[in-house]
Structure formats: structure tokens, C-alpha cells
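I'd like to go over a predicted model; first the sequence, then the structure.
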Amino acid sequence: MSDHDIDPTSPRMAPKPEVTKIDGRELKPSTLMMGYGYDPVLSEGSLKPPIFLTSTFAFPSAADGKRHFEGITGKRPGGADGLVYSRFNAPNQEILEDRLSVWDGAEDALSFSSGMTAICVLMLAYASQNDVIVHSGPLYAASEGFVAKVLAKFGVTYVDFPAGATREEIDAVIEKAQAQADEQGGKVCMVYLESPGNPTNALVDIEAVRTSVDAAQLDCPIAIDNTFLGPLWQRPLDQGADIVVYSLTKYVGGHSDLVAGSIAGAKKWMDPVRMLRNTMGGICDPNTAWMLMRSLETVELRMNRAGENAAKVCDFLAQHPKVKGLGYLGMIKDARQQDIYDRHCKGAGSTFSLLLKGGEAECFRFLDSLKIAKLAVSLGGTETLASHPASMTHLSVAEGRRAELGISDNLVRISIGIEDPDDLIADFTQALEAV
């Protein structure tokens, strides 16, 4: 929300302008996280935003109520310019959304009850019967399944391409998608990317996708799941994406104690999703929004520490005789992938795939022997986590499809936390002895 859209009676922000510059210097996101979007004066001087546990909000006048609902229902462009009802908006959620926008340089953001809620509502907002979605691969299994199984019930089909595809290969896929849409009587409604891909860490050339979409004159958004590297190590909107998607459960939340999701981008792309969220619900609850605001204050510190730890751990693992390979962005061997990394990424992240010599049995022995790292799905928390995607997060993906995407039985996904790196290396050392 821009300043002129804000109800001055709202406790979320004062009517005065936000301080985003000092002597011409743009303040960094890590600084803005300490107060952006909130004025203590409007909440009894409380330094931190209170948790607003209410389902509805009192209007100053009947005319205000009418004006707010004109925005909520789309009768007036711009959305609600005040607080209405907690399925639509609320102070904690709006402060959170303002701060999420800062990290990606986005005009607007929306919060959701989970990453998959964000993805599903996003796709439903743009897909109509007989449309075609173009997407990269691999995707998170639930994302791919929603496209292939749920949207398919409504005549929505898809065409996919592998991460790392060249401009020419992407052109060919988009041409195929356009032909498929014409045959079905629909349109190409979205290009959906995940980069790095889960769990292989394969990168997508966002700039090439942007160029290809523009050349084809497609009037659809390019959305990208940036969970593995965002918000610190990659800013996809700078490379030409229209919408950035997060599972806030991961690095942004960062403590494995909440579930939430978000999307961010230009207001013109957010408005249709906001309208559908108003109808369906799925907005993040105030307690979770408050916890995410707390976590955003330290996200840079946590991600930097985890990234430094991952580099040290991967240096060790790369030399181990029982390790066949690593899908770590700090050790890319493919020239095409390295080129994408150099243009798009600001860091290698702390989540990677570990390929062991052997198969499922060897991976299970390794996982069962860990003492510090926890055997659990998810990633981006303060603790180190390890899992076996082929039998866990991506079990629902057909075996042939898993093989095509490189999700092999000897692949372990590891998310490094903020523990002492030497302790983690000791833990991996003893666990590898069991393989």
C-alpha cells in the first residue's frame, strides 16, 4: 500500500511519510525491518506492533464503510483504503506485507497461510478453462501436482522445460504452449518458474524467459518460487520476473515454528490475486504475521551465517570418498548453470543436494545416523535438516518423472543451519561412516 492509500486512523502506519532515505542514502532492507510500516504513536507508544486479535474493524462513518467495500469488491480500483475484516486485511498482515515488498523491491505483496496456499490462489487467479501454464522443472512436488492433477480437472494443461534451458529451447516450449492453447481454445496464462529447483538446485535463466515471453507477446505474468535463495541471495524481479513467490515457513520465518507464504510484485499483478484471496480466505493469521515480522529483523544475519556454514560443510563433503557429488551452488561444474548463477545470484545459499555412492539404503543409513542434524523435511531453519526427497517430499511424483528431473534414490537434501560448522562436519563424518 502506498502512503496515500492508508487510513490515518489505522494503527499500522502514521500519515507521515516513511523514512527510507537519510541524506540521499537509501536505507537497506535490514534497517527498514526495524520499523517500516508502523508508527508506535498510533499504538499507545508500543515499540513493536501489538498482535491485533480481531475479526472485524469499526468504521469511522457509514461513508467510510461504503468506500472500503467499493475497493474490496472491485467497484473502485485500488483495493480497500482502510481496515475492513480480517479475511481481507488487518494491521499485522499489512505491516508484514509492506516489509516483504522491501526485500524484493516490489510494489505490493500478499501474505498467505502457507506457501502452497499462495501458489494455488495465484494460479487460480490467472488460469481459466482450457488455458496452458508453462513451467520449469523440477518444481516442488505439491506445485507440480496442483498443475498436473487439480487444474487439469478444469481443462488447464501445461508444457514444461528443464531448468537451465537456453533461450532457443524456451522459445520452442512457448511456441508449443501457444499452439496447444489455440487448439484448446484458451491462452497461455502463466509462466511459472522455480529457481533453484527443489531439490536439485538447478537454476532457471530468468532473463532468457523474460526475453522469450516478450518476443512471443504473451500477456501473462512470469512467477517464480524464490524460496531457496530469497530474500537475500536472489531478487528475481530485477531479472524480469513479475511475481516472486515464497514459502515464508523457510528462511523468512527461519525458526521452524510457523507456516506461511507470500507473493510480491507490481500492483497490477497482485490485484487479481488479492480479489480471489478476499473470496477464498487464506490470508496469514495475525500471530503468524507478528512472528514473521520478528523473524525479518534477523533474516540477513541468519542467512549469512547459514550460508557461511554451508560453504565449510560442502568443502568437507566434496572430498569425502563416499560422496558421489554435490548439488551446491558454490561448486557448479556446468558452464551454463555457472553463467546463470553469475548473472542472477548474490550467494550460494545453504540448501543443497548430497549424492551418495549407493542408493536408498545408503541414504537411510546416513540419515538414521545423524545426531545433530534433524531428519525432517523443510529447510531454511536455524537447525540443520536432512531428508530423502525421492521417498518423502517428492514421493508423489511418478518414478519416471523423478528420474527425468534428477531426483534419484541416492540424493539427500540438506539444509544447513546456524550451528557451529565444525560440529556439523563431525556429525556428517560419523554418519557417513555408517554408509
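All right, it came through fine.

which element is encountered next along the chain beyond the helix or strand that K66 is a member of?
Secondary-structure assignment from DSSP states H and E places K66 in helix 62-73. Of the helices and strands lying after helix 62-73 in sequence (DSSP H and E), the nearest is helix 91-104.

which residues touch T211?
With contacts defined as CB atoms under 8 Å, 6 or more residues apart in numbering, T211 is in contact with 167, 240. All C-beta spots, glycine's among them, are computed from the backbone N, C-alpha and C.

go with 7 Å
R167 (CB atoms under 7 Å, 6 or more residues apart in numbering).

and it, what element?
helix 206-215.

roughly how far is that helix from the heart of the chain?
Mean-position distance between helix 206-215 and its chain equals 20 Å (CA atoms, centre = their mean, to the nearest Å).

likewise for stretch 322-342?
22 Å.

before we move on, what about stretch 120-127?
Chain-centre distance of stretch 120-127: 15 Å, with CA atoms, centre = their mean.

that stretch - what's its average pLDDT?
Averaged across stretch 120-127, the pLDDT comes to 98.

does anything pack onto the worst-scoring helix or strand of the chain on mean pLDDT? Which helices or strands?
The weakest-scoring helix or strand in the chain, judged by mean pLDDT, DSSP states H and E, is helix 399-405 (a mean of 86). Using 3 or more CB pairs under 7 Å, 6 or more residues apart in numbering; DSSP states H and E as the contact test, no helix or strand touches helix 399-405.

what's in contact with the following helix or strand past it?
The element immediately downstream of helix 399-405 (helix or strand, assigned by DSSP H and E) is strand 411-415. Contacts with strand 411-415, where a contact means CB under 7 Å, 6+ apart, come from 199, 350-356, 363, 366-367, 379-381, 384-390.

among these, name the ones in strands.
Filtering the contacts of strand 411-415 for membership in strands, criterion DSSP state E, returns 351-356, 385-387.

please name every helix or strand in contact with the helix holding K66.
Short answer (3+ CB pairs under 7 Å, 6+ apart): helix 62-73 packs on no helix or strand.

for it, which residues meet the burial criterion?
64, 67-72 (16 or more other CB atoms under 10 Å).

again, but for stretch 139-155
139-141, 143-148, 151.

pull up the gap between E183 and T157, please.
10 Å (CB to CB, to the nearest Å).

likewise F57?
Here F57 is placed at a distance of 42 Å from T157 (CB to CB).

again with T279
Counting by CB to CB - T279 and T157 are separated by 25 Å.

of the two, which one has the most company?
T157 (18 against 11; other CB atoms under 10 Å).

correct me if wrong: that one contacts V132.
Yes: using CB atoms under 7 Å, T157 is in contact with V132, at 5.4 Å.

identify the contacts common to those two.
Common contacts of T157 and V132 (CB under 7 Å, 6+ apart): Q180.

which one of the ones in strands among the contacts of strand 411-415 sits closest to A223?
Comparing these against A223 with CB to CB places T351 closest, at 20.5 Å.

ok, that closest one to Y246 distance?
From T351 to Y246 the distance is 14 Å (CB to CB).

kindly report the same for M293.
M293 is 15 Å from Y246, by CB to CB.

got it, and I372?
27 Å.

show me the contacts for T382.
Neighbour list for T382: 254-255, 302, 417-418 [criterion: CB under 7 Å, 6+ apart].

if we use 6 Å, what do you get?
255, 417-418 (CB atoms under 6 Å, 6 or more residues apart in numbering).

what's the burial count for S378?
With other CB under 10 Å as criterion, S378 counts 17.

where does it fall, phi/psi-wise?
Main-chain dihedrals, S378, degrees, to the nearest 10: phi 90, psi 180.

start the count at 735, not 1, going forward
Right, with 735 as the first residue, what we last looked at is S1112.

per-residue pLDDT, it?
With respect to pLDDT, S1112 scores 95.

which one of the ones in strands among the contacts of strand 1145-1149 is nearest D948?
Looking across the ones in strands among the contacts of strand 1145-1149 and measuring by CB to CB, the closest to D948 is T1085, at 31.2 Å.

about what we covered before: who's more crowded, M1027 and Y980?
Neighbour comparison, M1027 and Y980: the larger count goes to Y980, with 28 against 22 (by other CB under 10 Å).

ok, what's across the strand from that one?
Beta-bridge pairing of Y980 under DSSP bridges involves S996.

who's in contact with it?
Per CB under 6 Å, 6+ apart, neighbours of Y980: 961, 964, 996.

distance check, it against Q1071.
Remark: distance between Y980 and Q1071 (CB to CB) = 23 Å.

and for Q1071, the neighbour number?
Neighbours around Q1071, by other CB under 10 Å: 18.

wait, what's in contact with it?
Taking CB under 6 Å, 6+ apart, one finds 898, 937 in contact with Q1071.

related to what we said a few turns ago, and the ones in strands among the contacts of strand 1145-1149 as TSV, adding pLDDT and neighbour count?
As requested, the ones in strands among the contacts of strand 1145-1149 are arranged in TSV below (pLDDT from 0 to 100; neighbours: other CB atoms under 10 Å):
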residue	pLDDT	neighbour count
T1085	97	27
F1086	97	27
S1087	96	23
L1088	97	24
L1089	97	18
L1090	97	24
L1119	98	21
A1120	97	23
S1121	96	23
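
mind putting those into TSV with distance to A911?
Formatted as TSV, the ones in strands among the contacts of strand 1145-1149 follow (distance: CB to CB, whole Å):
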residue	distance to A911
T1085	30
F1086	31
S1087	29
L1088	35
L1089	32
L1090	37
L1119	36
A1120	37
S1121	33
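
and the helices in the stretch 785-934 of the chain?
Using DSSP state H, counting those that start in this stretch, the helices of the stretch 785-934 of the chain run over 796-807, 825-838, 849-860, 875-879, 901-918.

and the pLDDT at the closest residue to G805 other than its chain neighbours?
Distances taken as CB to CB, 6 or more residues apart in numbering put A814 closest to G805, at 4.3 Å, once the chain neighbours are dropped. With respect to pLDDT, A814 scores 80.

for A814, grab the count of nearby residues.
Residues near A814, counting by other CB under 10 Å, number 23.
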